[in-house]
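Peer 1: Give the three-dimensional model of this entry:
(4 chains)
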2 protein chains.
Amino acid sequence: MARDGTATRDRILDSAMQLVMDKGYGGMTVDQVIAGAGITKGAFFHHFKTKSDLAQALLERYVRLDDELLHELVARAEKLSHDPLQQYLIFVGLLEEALRSPAESPPGCLVASYVYQLELFPPDTREAVINSFNEWRRVLCPKLDAALAKQKTKLPITSEQLYDNLMSLFEGGVIMSRLYRQGATLADQVAQHKNYVELLFGQHD
Amino acid sequence: MARDGTATRDRILDSAMQLVMDKGYGGMTVDQVIAGAGITKGAFFHHFKTKSDLAQALLERYVRLDDELLHELVARAEKLSHDPLQQYLIFVGLLEEALRSPAESPPGCLVASYVYQLELFPPDTREAVINSFNEWRRVLCPKLDAALAKQKTKLPITSEQLYDNLMSLFEGGVIMSRLYRQGATLADQVAQHKNYVELLFGQHD
DNA sequence: CGAGACATACCGACTGGTCGGTATGTCAAT
DNA sequence: ATTGACATACCGACCAGTCGGTATGTCTCG
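Peer 2: Residues are numbered from 1 along each chain as shown, chains lettered A, B, ... in the order given. Okay, here's the model as predicted:
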């Protein structure tokens, strides 16, 4: 191997990430990407065969970091309690904490952005996005199922609906946070999901 | 006036609406719009000065229909009860009902789509989007404030946070519904917001 | 050790096609 | 006859992607 190109590749991905968040994939040009990364067209097409190849790489990196965060928070929650409901509530609390910290990346979910432009991508992109959601589902629903089996809730509910509730609040919270430019809104909504689950399980009577 | 062009104008808007939902504004070309509307370039630029003029008209129409739905549902809810909390809960129930009906348009919120491409639009587009959200806030928060003044909730909460909860669940629910292609997810999440408010106000003890 | 063969990283001018937008004309209804 | 509602032909800018070439590193073998 010759010179190490990973730094350049990362800078391309960073530049593209910001542009996709601000303009969408269809509204972003590769000239803008290379300008943001401070490189040239030759370098870009050395690292990515096509623009849509970049889109796929961007999604892969995003999903990978997302999964890492998920598993890290779950592992921490599992160490803090053995009860599945408490593990779930602690996990949501840790997620809220992570979103509240100012160091966290500016609000914006690549997956949500792609969902509103799915026709620009090949069909397997949709599947990759679904798989990304399903990973969270695979990890979290068993906790909720265990809690539901152990205790009756105040209202009839399924683990899938509660999972969808968390995901909806997250994605919707991102939109609100982006629009109003205050990240606290997102963290507040994740906190309210915790409230909701606690109330359902009668933790505040 | 010569021939009536409003039908053509509406067909352009309809075609553009579908394209924006599938590809985003930046990923949509006016050639695609005119192909979908079955007209020519001359007709398009007769009705809209520029592509971004179309974007603005699209947003205006969307917000207008959105506001009409809001006020219709609120008026119906106000006729069904005099208690502010009940009015709010009935309103959310009517909204759920409207979203559950199959006649309702396929899931997709133009406002959310714009939020993920704000840099493609002039700054006043963001303000128009914010105003759209604030109209719902202006109508719904007083109901919640009246309810909060009358009765203590099980957990501390503000009307703004509850309003954000409804909006987040709506926008996030749209994303989930779009991705999984089942509209029930969206209606389910609106229903869960109702659950949450009811639990907060101790309606299930 | 050193030279040269080779692979990867990167550059920037160039290309074919598509983009948003315009110029000009025709037709229908008043 | 005039005006608004379209259609057709066309333009320059910009788009994604290509290509010939250079710079810089590693590996091999004498």
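Peer 1: before we move on, which element is A:M21 in?
Peer 2: Using DSSP states H and E, the element containing A:M21 is helix A:6-23.
Peer 1: Same question for A:V111.
Peer 2: Going by DSSP H and E, A:V111 is part of helix A:110-115.
Peer 1: now check that helix, is it near chain B?
Peer 2: Yes - Helix A:110-115 is in contact with chain B by C-beta under 8 Å from any C-beta of the partner chain, via A:112-113, A:115. C-beta coordinates here come from the backbone N, C-alpha and C atoms, glycine included.
Peer 1: Make CSV from those residues and add distance to A:L166 to it.
Peer 2: Output for the residues of helix A:110-115 next to chain B, formatted as CSV (distance: C-beta to C-beta, whole Å):
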residue, distance to A:L166
A:A112, 14
A:S113, 19
A:V115, 17
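Peer 1: could you say what helices and strands the longest helix along chain A packs with?
Peer 2: For chain A, the helix that runs over the most residues, judged by DSSP state H, is helix A:51-80. Contacts defined by 3 or more C-beta pairs under 8 Å, 6 or more residues apart in numbering or on different chains; DSSP states H and E place helix A:51-80 against helix A:6-23, helix A:30-37, helix A:84-100, helix A:110-115, helix A:123-150.
Peer 1: Just say which of those helices is most tucked in.
Peer 2: helix A:110-115 (a mean of 23; mean count of other C-beta atoms under 10 Å in any protein chain shown).
Peer 1: got the angle between the longest helix of chain A and helix A:84-100?
Peer 2: 130 degrees (axes from the mean of the first three to the mean of the last three C-alpha atoms, to 10 degrees).
Peer 1: Average pLDDT for helix A:51-80, rounded please.
Peer 2: Confidence over helix A:51-80 (mean pLDDT, whole number) is 97.
Peer 1: ok, that helix near DNA strand C or not?
Peer 2: No - using C-beta under 7 Å from any atom of the strand, helix A:51-80 stays clear of DNA strand C, with a minimum separation of 12.1 Å.
Peer 1: now what about stretch A:144-160, what contacts it?
Peer 2: Under the criterion C-beta atoms under 8 Å, 6 or more residues apart in numbering or on different chains, residues A:83-85, A:88, A:137, A:140-142, A:162-163, A:199-202, B:192, B:195, B:199, B:204 lie in contact with stretch A:144-160.
Peer 1: Quick check: A:Y88 vs A:E135, distance?
Peer 2: 16 Å (C-beta to C-beta, to the nearest Å).
Peer 1: Show me chain A divided up by domain.
Peer 2: Domains of chain A are assigned by automatic domain parsing as A:1-48, A:51-200.
Peer 1: hmm, back to that, packing partners of the helix holding A:V111?
Peer 2: By 3+ C-beta pairs under 8 Å, 6+ apart, helix A:110-115 packs against helix A:6-23, helix A:51-80, helix A:123-150, helix A:159-180, helix B:159-180.
Peer 1: Format those as a markdown table; extra columns: distance to A:G36.
Peer 2: Below are the helices and strands packed on helix A:110-115 laid out as a markdown table (distance: least, C-beta to C-beta, whole Å):
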| stretch | distance to A:G36 |
| --- | --- |
| helix A:6-23 | 3 |
| helix A:51-80 | 12 |
| helix A:123-150 | 23 |
| helix A:159-180 | 19 |
| helix B:159-180 | 27 |
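Peer 1: Go through these and name the closest to B:G24.
Peer 2: With C-beta to C-beta, the closest approach to B:G24 among the helices and strands packed on helix A:110-115 belongs to helix A:6-23: 8.8 Å.
Peer 1: what about chain A, any weak spots by pLDDT?
Peer 2: Judged by pLDDT under 70, chain A has its weakly predicted residues at A:1-3.
Peer 1: So which residues on it come close to DNA strand C?
Peer 2: A:1-5, A:7-9, A:39-43, A:45-47.
Peer 1: between those, which is closest to DNA strand C?
Peer 2: A:G42 (1.8 Å; C-beta to the nearest atom of the strand).
Peer 1: Check which helices and strands the helix or strand encompassing that closest one sits against.
Peer 2: Using DSSP H and E, A:G42 falls within helix A:41-47. Packing partners of helix A:41-47 (3+ C-beta pairs under 8 Å, 6+ apart): helix A:6-23, helix A:30-37.
Peer 1: Show me what counts as buried in that helix.
Peer 2: A:43-44, A:47 (16 or more other C-beta atoms under 10 Å in any protein chain shown).
Peer 1: at contact distance from DNA strand D, anything in it?
Peer 2: Yes - Helix A:41-47 reaches DNA strand D (C-beta under 7 Å from any atom of the strand) through A:41-42, A:45.
Peer 1: how far out from the middle of the chain is that helix?
Peer 2: The chain centroid and the centroid of helix A:41-47 are separated by 28 Å under C-alpha atoms, centre = their mean, to the nearest Å.
Peer 1: Over to stretch A:66-85?
Peer 2: For stretch A:66-85, the distance to the chain centre is 16 Å (C-alpha atoms, centre = their mean).
Peer 1: go on, stretch A:176-185?
Peer 2: Using C-alpha atoms, centre = their mean, the offset of stretch A:176-185 from its chain centre is 16 Å.
Peer 1: Among the residues of helix A:41-47 next to DNA strand D, find me the one that's closest to A:I130.
Peer 2: Closest to A:I130, out of all of those and judged by C-beta to C-beta, is A:F45, at 29.7 Å.
Peer 1: still on that earlier bit, right, and the helices and strands packed on helix A:51-80 - which one's nearest DNA strand D?
Peer 2: helix A:30-37 (4.1 Å).
Peer 1: wait, does the closest one contact DNA strand D?
Peer 2: Yes - counting by C-beta under 7 Å from any atom of the strand, DNA strand D is contacted by helix A:30-37 at A:30-32.
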